[in-house]
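>>> Return atomic coordinates for the entry below.
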Amino acid sequence: MTSSKQNTFDFAPRGENQLHESFKQGGFTTLVEIPTPPRQVEFDTSAKLAAEIVQALEQERGFAAGLAIGDKTLSIDSHGAASFADAVVPKSMRNSSVLYISGRGAELGETADSVTESLASGFRNLIMVTGDGYSEHSRNRNEKSPCVDSIHTLTSLKCSDKASEVFPGAVVNPFKYNEMDLLPQYFKVVRKINCGASFLATQAGWDMMKLQEVRWFLNIRDLHVPTIARLMLLTPDLVKRVLSGDFPGVHISRDFKLILENEMRYGYHQFAAAQWRRLQLQAAGCRLMGYSGIQIYGIEVPEHVSTVRSKIEEALSEFNDFNEWKDAYIAHISRADMAPFSHRYYLYKNLFQERDAARSIVNPETIAAPSLLEKLRHGLRKAMFSKDDQLAPDEHRLFKKIFAGCARCDYCRLPLTQYVCPENCPKGVANGPCGGGAADGTCELRDTPCVYAERTRIAVWLNEMDSLEERYVKHPAEASKVKSV
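The predicted structure is shown next:
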C-alpha cells in the first residue's frame, strides 16, 4: 500500500536532505538520469548540453523531481561523476538529486575518494554500484574486468567518519528469469541493506511483474527501504541498442522485441506517443506498487522535460486503482509475455493477481541440488583448504590453482565462499553476483554460468543459506591492510 500524497521540491537552498524527506513523507519523486560522458567528449561541450536539461528541470517548479548522475555507464574512461555533477547541477538541486559511485575498473581506495569528492561538492544521496564489465575482449578469455563490489564501498563508508553525512543507496536487478540467477540477487540485496544501504534503485526493465516482485520481497522480509524504479524512455537509437544487447543486465522477451520492432516502423510521432504512454503506465504502476519514485533514462533534449512533467502527473491522476491500472497495462502490451523465451522464473506465483503479497519464504526444496561433480569438488576443496583464510596467501597456491581455479590474491576467501573462488568471476566480486549477465544466467563477460549459481546451490545443500545474506567477505586489499597493522 502506498500513499497518494506527493512531496514537492521548491529547490530553495535548505539544509535538509530533500530526497530523504520526500521518502519519509510518502512522496513520489522523479529523477532524470544524465550519464557522465566519455573523456573523448570535451568536458565543456558535454556539460553545456547536460546543463540545458538541468535548467529546464529547475524551471519546472512544484514538480517533485531531481537528477541522477550516472557514473561510468557509457565508458570506463569517463569524466569523474562528482566533478561533472558539480559543473551541471545547481546547489539548490543537490539535496534532491542522486549521484552514482561506480566500482567499474576502480581500486577500493578510489571509490572512497569518489565519496569524499561527492560530499565536498554537496551531494549526500549516493548510490553505490559495482559496475558493468569493460573489456571488449573478455568473453571466452581469461582476461579480468575487475570492479569494486558495491558492498565493499557501502561497508567502507559505514565504517568511516563520513557515514553520518551520506544517505547511501544500492541497486537491485530483479529482471532475472533463471532461479539460480535471481535468488542470489535477492540474497545480495539483503546484504547490501545490512551493510548500510538506506534506499534502493532497480535496474531498467519493462516487466512490471518483476517490479512488483521486488516490492513483495522487501515487504515480506520487513525490509522497509524506499525504492526507485529505473525506467527507459526509448528513442529509436535506444531501441536499437536494447535489441543489440548493449545494456548488460537489461533483457527483453521475444514478444516485447516484436512490439518494439513494429513500433520502429511507425512514423516519429506515433512511435514517440507509444513510448510516452508506456512510460506513463510504468510510472503509475510503480506508484501503486509502493515505489517511492522513478528514475528516467533517455531524456536527451530540454524540451522533453516539460513533457515528462505533464505525462507523469497525468498518469498519477489517471490511475488510483491497481486493478484498473493492471488492465490498462496488459492491454497496452497486447498481453505480451514479458519474460524472455524459455526463461520465466518468478519468485511468487500470484503476481498481478493481488496487489499485496501473502507471507511466504523461499523454499529450499525447490532449489536445484548441486551436481555430483560440484559436490565432489566442494568436498575435495574443503579437505584441502578449510583453513586457508587464516594462512599466508601463497600457501597451497599451486593446489588452489589446480583444484579451485584460483588466481593469486592477497587474501584467500575459499572457506568463506563455499569453496567457490570469487576470482573465477571476471569482476572478482566476493559478496554476491553483479547485475549483468544474460537471461539464461550466463556471465556478462564469458559464455559460462555465473559462479554464484554454483555457490548458491552448495549453500542450500549445506543448509548455509543465511551465509549468502549475512556473511561479509572482505576485499583482498582491505584484508591485507588489516593484517599489516
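
>>> Other residues contacting the longest helix anywhere in the chain?
Counting by DSSP state H, the longest helix found in the chain is helix 268-289. Identification of contacts with helix 268-289 by CB atoms under 8 Å, 6 or more residues apart in numbering yields 2, 4, 28, 30, 206, 208, 211-212, 215, 229, 231, 233-236, 263-264, 266, 293-294, 296, 307, 311-312, 314-316, 318-320, 322, 325-326, 328-329, 332, 355. (Each C-beta comes from the backbone N, C-alpha and C, glycine too.)

>>> which of the residues in that helix are buried?
271-272, 274-276, 278-289 (16 or more other CB atoms under 10 Å).

>>> Selecting buried members of the contacts of helix 268-289 in ChimeraX, what would you type?
The buried subset of these, as determined by 16+ other CB under 10 Å, is captured in ChimeraX by this line:
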select :28,30,206,208,211,212,215,229,231,233,234,235,263,293,294,296,311,312,315,316,319,322,325,326,328,329,332,355
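
>>> Identify those among the contacts of helix 268-289 that sit within strands.
30, 229, 231, 293, 294, 296 (DSSP state E).

>>> so how far is residue 231 from the residue nearest to the second one when sequence neighbours are not counted?
Distances taken as CB to CB, 6 or more residues apart in numbering put residue 286 closest to residue 229, at 4.6 Å, once the chain neighbours are dropped. The span separating residue 286 from residue 231 equals 8 Å under the rule CB to CB, to the nearest Å.

>>> As a check, name the ranges of all strands in the protein.
29-35, 65-70, 98-102, 125-129, 167-172, 199-202, 227-232, 293-297.

>>> per-stretch mean pLDDT over those strands, give me the minimum one.
Ranked on mean pLDDT, the bottom entry among those is strand 65-70, at a mean of 91.

>>> Give the other helices and strands that that strand contacts.
The contact analysis (3 or more CB pairs under 8 Å, 6 or more residues apart in numbering; DSSP states H and E) places strand 65-70 against strand 29-35, helix 43-58, helix 81-88, strand 98-102.

>>> anything in contact with each of residue 286 and residue 231?
Joint contacts of residue 286 and residue 231 (CB under 8 Å, 6+ apart) are residue 294.

>>> What pLDDT is listed against residue 146?
84.

>>> residues in contact with the residue sitting nearest the centre point of the chain?
Using CA atoms, centre = their mean, the residue of the chain that lies closest to the mean C-alpha position is residue 171, 3.1 Å off. Under the criterion of CB under 8 Å, 6+ apart, the neighbours of residue 171 are 127, 129, 150, 200, 201, 202, 203, 435.

>>> let's go with 7 Å and repeat that
Applying CB atoms under 7 Å, 6 or more residues apart in numbering, one finds that residue 171 lies in contact with 127, 129, 200, 201, 203, 435.

>>> Now do the closest residue to the fourth one other than its chain neighbours against residue 29, distance only.
Distances taken as CB to CB, 6+ apart place residue 228 nearest to residue 201, at 4.5 Å, with adjacent residues excluded. When CB to CB is the yardstick, residue 228 and residue 29 sit 8 Å from each other.

>>> same check, this time on residue 441
With CB to CB as the criterion, residue 441 and residue 29 are 33 Å apart.

>>> quick one: which of those two has more around it?
In terms of neighbours (other CB atoms under 10 Å), residue 29 is the more surrounded of residue 441 and residue 29; the figures are 25 against 22.

>>> if I look at the closest residue to that one other than its chain neighbours, how far off is residue 283?
In space, residue 29 comes closest to residue 293 once its chain neighbours are excluded; the distance is 3.8 Å by CB to CB, 6+ apart. Per CB to CB, residue 293 is found 9 Å from residue 283.

>>> And residue 251, by the same measure?
Where residue 283 is concerned, residue 251 sits at a distance of 21 Å (CB to CB).

>>> again with residue 19
Relative to residue 283, residue 19 is positioned 17 Å away (CB to CB).

>>> can you check residue 381 too?
Counting by CB to CB - residue 381 and residue 283 are separated by 48 Å.

>>> okay, and the helix or strand of the protein with the least pLDDT?
Here the helix or strand of the chain ranked lowest by mean pLDDT, DSSP states H and E is helix 476-484, holding a mean of 62.

>>> so for stretch 328-342, what's the average pLDDT?
89.

>>> list the buried ones in it?
Buried residues in stretch 328-342 (16+ other CB under 10 Å): 328, 329, 332, 333, 336, 338, 339, 340.

>>> which outside residues touch that stretch?
So stretch 328-342 is contacted by 177, 206-209, 251, 253-256, 259, 277-278, 281, 285, 439 (CB under 7 Å, 6+ apart).

>>> Then stretch 377-397?
Residues contacting stretch 377-397 (CB under 7 Å, 6+ apart): 399-400, 403-404, 408-416, 418-419, 458.

>>> which parts of that stretch are buried?
Neighbour counts over stretch 377-397 (16+ other CB under 10 Å) mark 377, 378, 381, 384, 385, 388, 389, 393, 396 as buried.

>>> Now do that stretch: distance to the chain's middle.
Its chain's C-alpha centre and that of stretch 377-397 lie 33 Å apart, by CA atoms, centre = their mean, to the nearest Å.

>>> distance between the ends of that stretch?
17 Å (CA to CA, to the nearest Å).

>>> Quick one: mean pLDDT for it?
90.

>>> do the same with stretch 236-249
Averaging pLDDT along stretch 236-249 gives 89.

>>> Over to stretch 402-414?
Rounded mean pLDDT across stretch 402-414 is 85.

>>> Just the CA trace of that stretch, in CSV.
Provided in CSV are the C-alpha atoms of stretch 402-414 (Å, rounded to 0.1, in the frame of the first residue of the first chain):
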residue,chain,number,x,y,z
ILE,A,402,44.6,-26.7,-9.9
PHE,A,403,41.6,-27.7,-7.8
ALA,A,404,39.8,-24.4,-7.3
GLY,A,405,40.9,-22.4,-10.4
CYS,A,406,42.2,-19.7,-8.1
ALA,A,407,44.3,-16.8,-9.2
ARG,A,408,46.8,-15.3,-6.8
CYS,A,409,45.3,-12.6,-4.5
ASP,A,410,46.3,-11.1,-1.2
TYR,A,411,43.7,-12.9,0.9
CYS,A,412,42.2,-16.4,0.4
ARG,A,413,38.5,-16.4,0.8
LEU,A,414,37.7,-20.0,-0.2
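
>>> Which positions within it qualify as buried?
Across stretch 402-414, burial judged by 16+ other CB under 10 Å covers 403, 404, 406, 409, 410, 411, 412, 413, 414.

>>> The fifth one and residue 476 touch, don't they?
The one in question is residue 410. Yes - if you go by CB atoms under 7 Å, residue 410 and residue 476 touch, sitting 4.2 Å apart.

>>> Now compare the buried residues of stretch 328-342 and name the two farthest from each other.
Using CB to CB, the buried residues of stretch 328-342 span at most 23.9 Å, a distance reached by 328 and 340.

>>> if I look at residue 334, how far off is residue 285?
Distance check for residue 334 against residue 285: by CB to CB, it reads 17 Å.

>>> quick revisit: output the contacts of residue 171 in a markdown table, with neighbour count appended to each entry.
Shown next, in a markdown table, are the contacts of residue 171 (neighbours: other CB atoms under 10 Å):
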| residue | neighbour count |
| --- | --- |
| 127 | 25 |
| 129 | 26 |
| 200 | 23 |
| 201 | 25 |
| 203 | 21 |
| 435 | 23 |
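
>>> just how off-centre is stretch 468-477 within its chain?
That offset, for stretch 468-477, works out to 19 Å (CA atoms, centre = their mean).
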